[in-house]
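A.B. asks: A predicted structure for the sequence below; I have some questions about it.
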Amino acid sequence: MSTATLEARSTEAAVQSFTVTFLIRRFDPDVDTEPRWQDFDVEMYATDRVLDALHKIKWEQDGSLTFRRSCAHGICGSDAMRINGRNRLACKTLIKDLDISKPIYVEAIKGLPLEKDLIVDMEPFFASFRDVQPFLVSNSAPEPGKERVQSVAERARFDDTTKCILCAACTSSCPVFWTDGQYFGPAAIVNAHRFIFDSRDDNAQTRLDILNDTEGVWRCRTTFNCTDACPRGIEVTKAIAEVKQAVMRGKP
Ligand code: SF4
Ligand code: FES
């Protein structure tokens with residue numbers, strides 16, 4: 001056996017695993033009237049993620065556990081959930097960053113209708129997103145064969161809000177959204193911001209009028225929950241403040 005193989009084997013043997021207890025809030029609409037907590041013990045490594053634990057539980061202990069995920073790498077935004085009371089992506093939450101001397105609590109995000117286990121109905125969230133017209137609207141066509149030219153500074157103006165992956169971690173961490181399901185919510189405002197401040201777009205005023213509604217930007221109470229929750233590091237509260245300014249003064 002080569003030295004490299006021997007070294008690899010001894011490193012493997014040295015990697016320590018832990019038994020971690022997960023308390024998962026379950027809800028099956030066919031049998032439950034209320035959600036209930038169920039505990040699972042899972043063998044994990046420090047470098048595993050909460051998503052790995054959910055996979056292990058589903059594949060090895062209880063195939064009925066229901067959750068969304070797709071990319072498993074922080075891009076698709078489908079696995080936002082409350083982990084120890086904080087909204088995070090399960091695929092970006094490492095076991096080593098959690099206190100495993102206590103159970104890890106995992107539950108669905110709040111403020112949206114619970115469908116099953118960790119899955120909520122995202123339709124109200126996407127309806128608000130659609131309402132702010134999250135697409136480029138231009139009154140003129142580019143010159144034939146030319147692109148719509150934008151300077152580096154113009155592009156930088158809305159760079160932060162292009163990073164949104166529509167995970168809903170911000171909107172579902174907002175106390176205003178919990179109590180007022182009609183509020184557009186931070187994610188819709190972030191996506192409006194992305195186009196309001198785009199120099200190529202001609203539809204800013206329509207979006208600003210939409211967000212000047214009673215359920216628009218003025219519902220925001222600047223609690224910063226949204227900024228803290230965003231897995232993409234978007235300055236959500238700042239974006240909302242910029243949209244508020246634009247509502248009052250027009251597109252700068
Ligand atoms: S702003 Fe951040 S937290 Fe909100 S939906 Fe987009 S990526 Fe998720
Ligand atoms: S599974 Fe795609 S962001 Fe987590």
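C.D. replies: Structure's in. What do you need? Ligands and ions are numbered 1, 2, ... in the order given.

A.B. asks: remind me which helix or strand residue 40 belongs to.
C.D. replies: strand 36-45 (DSSP states H and E).

A.B. asks: same question but for residue 19, I mixed them up
C.D. replies: Per DSSP H and E: residue 19 is located in strand 17-26.

A.B. asks: which neighbouring elements make contact with that strand?
C.D. replies: In terms of contacts (3 or more C-beta pairs under 8 Å, 6 or more residues apart in numbering; DSSP states H and E), strand 17-26 is packed against strand 36-45, strand 104-107. Every C-beta, even on glycine, is put in place using the N, C-alpha and C of the backbone.

A.B. asks: and the strand holding residue 40, what's buried?
C.D. replies: 40, 42, 44 (16 or more other C-beta atoms under 10 Å).

A.B. asks: same list (the helices and strands packed on strand 17-26) but as JSON lines, adding mean pLDDT.
C.D. replies: Listed next are the helices and strands packed on strand 17-26 as JSON lines, based on pLDDT from 0 to 100:
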{"stretch": "strand 36-45", "mean pLDDT": "98"}
{"stretch": "strand 104-107", "mean pLDDT": "98"}
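
A.B. asks: of all these, which one comes closest to ligand 1?
C.D. replies: strand 104-107 (17.2 Å; C-beta to the nearest ligand atom).

A.B. asks: what about the helix or strand just after the closest one, average pLDDT?
C.D. replies: Counting by DSSP H and E, the next helix or strand C-terminal to strand 104-107 is strand 114-116. Mean per-residue pLDDT for strand 114-116: 98.

A.B. asks: contacting residues around the residue nearest to residue 192 when sequence neighbours are not counted?
C.D. replies: In space, and not counting its chain neighbours, residue 192 is closest to residue 132: 3.9 Å by C-beta to C-beta, 6 or more residues apart in numbering. Residue 132 sits next to 184, 188-189, 191-192, 207, 210-211 when contact means C-beta atoms under 8 Å, 6 or more residues apart in numbering.

A.B. asks: in helices, which of these appear?
C.D. replies: For the contacts of residue 132, the ones inside helices are 188-189, 191-192, 207, 210-211, with DSSP state H as the criterion.

A.B. asks: run the chain-centre distance for the longest helix belonging to the chain.
C.D. replies: In the chain, with assignment by DSSP H, the single longest helix is helix 236-249. From the chain centre to the centre of helix 236-249 is a distance of 21 Å (C-alpha atoms, centre = their mean, to the nearest Å).

A.B. asks: what about stretch 71-88 and ligand 2, touching?
C.D. replies: Yes - if you take C-beta under 6 Å from any ligand atom as the test, stretch 71-88 does meet ligand 2, through 71-72, 74-79.

A.B. asks: endpoints of that stretch, how far apart?
C.D. replies: Length of stretch 71-88, first residue to last, C-alpha to C-alpha, to the nearest Å: 15 Å.

A.B. asks: now swap in stretch 146-157 and tell me
C.D. replies: By C-alpha to C-alpha, one end of stretch 146-157 lies 22 Å from the other end.

A.B. asks: okay, buried residues for that stretch please.
C.D. replies: Buried residues in stretch 146-157, counted by 16+ other C-beta under 10 Å: residue 157.

A.B. asks: sorry, back to before: would you format the buried residues of strand 36-45 as JSON lines with distance to ligand 1 included?
C.D. replies: Listed next are those as JSON lines, based on distance: C-beta to the nearest ligand atom, whole Å:
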{"residue": "40", "distance to ligand 1": "27"}
{"residue": "42", "distance to ligand 1": "27"}
{"residue": "44", "distance to ligand 1": "26"}
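
A.B. asks: still on that earlier bit, of the ones in helices among the contacts of residue 132, which is the nearest to ligand 2?
C.D. replies: Nearest to ligand 2 out of the ones in helices among the contacts of residue 132 is residue 191 (C-beta to the nearest ligand atom; 17.0 Å).
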